[in-house]
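1. Here is a sequence together with a model predicted from it:
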Amino acid sequence: MKIKISISFFLTILFLYVFYKTVGFSEFQKSFSKLNIFYIGVGFLLYSASSFLRAYRWHSMIKDINMVDFFLINNVHIFLNNILPARTGEFSFFYMLKKRGINLTKSFWVFALARLMDALALLGFFFGFFFKIYFLVFIIIFGFTMVFLLKHTLAFLPNVFILKSLKQNLSTHFESKTAIKLYFISVLSFAFKFLGFYEMAKNIIPMGFFDILPSYVVAEISSILPINGFLGLGTYEFGFSIPSKLTDISLKSSLDLAFITHVFLLISSSILGIVSFLLLKLENYEER
């Protein structure tokens with residue numbers, strides 16, 4: 001764990017150095033001043049809608065917890081994951097579910113399935129970029145194809161060791177309708193989150209929908225890696241900048257926009273997370 005935390009801080013320091021040399025904090029301040037408060041508000045509402053959809057996905061897999069509680073739990077989980085180093089915030093999800101009577105085995109496999117659907121949704125977005133006007137068509141076909149393949153892969157897994165547990169716990173969610181539903185909830189959640197930052201960011205750099213989509217996707221993929229920079233700084237920005245070769249946005253502009261986007265996401269998740277944490281504490285107090 002100490003090694004992971006050290007790597008997290010190293011990645012953040014490295015990013016700040018690269019950012020200072022490439023963009024400069026004075027340039028960042030100029031870009032930040034271009035932000036329109038109205039579009040920041042719209043972005044926050046869309047981000048909140050994305051969080052609500054993620055909570056709905058959890059609720060669709062675990063009916064024992066009501067939708068409101070899952071929304072609050074999801075917000076706190078994302079907030080802690082953003083501020084704690086080395087992905088240690090992930091444990092908060094299992095802790096909060098355990099307090100509500102959900103055993104660790106069930107919460108682990110539900111969490112794993114959600115992460116799998118996130119990965120599939122992001123891959124759909126990334127490869128869909130290359131199809132442009134057929135973007136939505138590709139995402140739909142990709143989803144049905146991957147669910148079909150995964151369902152039949154599970155059926156052929158041998159009943160040994162962890163594979164047996166994986167097969168037993170995930171097969172119930174891989175009935176075609178259920179799995180497709182979970183996939184499209186993930187797609188919608190990422191779409192709302194993308195539209196939220198796109199509405200805000202296009203005031204800084206005039207750009208089309210597909211100009212920034214690959215950067216968003218790779219940045220989101222970087223956020224689910226086992227090791228991230230402190231507050232996610234560094235891994236998110238570097239991930240955001242990798243696909244700049246696929247678009248007309250320069251590396252300098254990409255890093256600048258990535259930093260602003262990341263700050264926006266951190267502030268948004270902090271607002272939702274802190275308010276949700278207080279509401280959960282109040283709920284626990286009233287139950288005593």
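-> That came through, no problem. Numbering: from 1, shown residues only.
2. Grab the most central residue of this structure for me.
-> The centre of the chain sits closest to Glu220, judged by C-alpha atoms, centre = their mean, with a distance of 5.6 Å.
3. show me what contacts that residue?
-> Leu122, Phe190, Lys193, Gly239 (C-beta atoms under 8 Å, 6 or more residues apart in numbering). For every residue, glycine as well, the C-beta is placed using N, CA and C.
4. burial count for Lys99?
-> 11 (other C-beta atoms under 10 Å).
5. ok, which stretches of this structure are strands?
-> Assigned strands in the chain: none (criterion: DSSP state E).
6. what's the weakest-modelled helix or strand in it?
-> Every helix and strand of the chain was ranked by mean pLDDT, DSSP states H and E. The lowest is helix 161-171, at a mean of 68.
7. What's the local residue count around Leu272?
-> 22.
8. gap between the residue nearest to it when sequence neighbours are not counted and Tyr20?
-> Nearest in space to Leu272, with sequence neighbours left out and distances taken as C-beta to C-beta, 6 or more residues apart in numbering, is Asn75 at 4.2 Å. Distance, Asn75 to Tyr20, by C-beta to C-beta, to the nearest Å: 32 Å.
9. Give me the more crowded residue out of these two.
-> Neighbours per residue (other C-beta under 10 Å) separate Asn75 from Tyr20, with Asn75 holding more: 26 against 11.
10. pretty sure that one is touching Ser268, no?
-> No: distance between Asn75 and Ser268: 10.0 Å, which falls outside the contact criterion (C-beta atoms under 8 Å).
11. what sits in contact with each of these two?
-> By C-beta under 8 Å, 6+ apart, no residue touches both Asn75 and Ser268.
12. Show the contacting residues for the nearest residue to Thr261 once chain neighbours are set aside.
-> Nearest non-adjacent residue to Thr261, counting by C-beta to C-beta, 6+ apart: Phe197, 5.0 Å away. When contacts are counted by C-beta under 8 Å, 6+ apart, Phe197 touches Gly43, Tyr47, Tyr216, Thr261, Phe264, Leu265.
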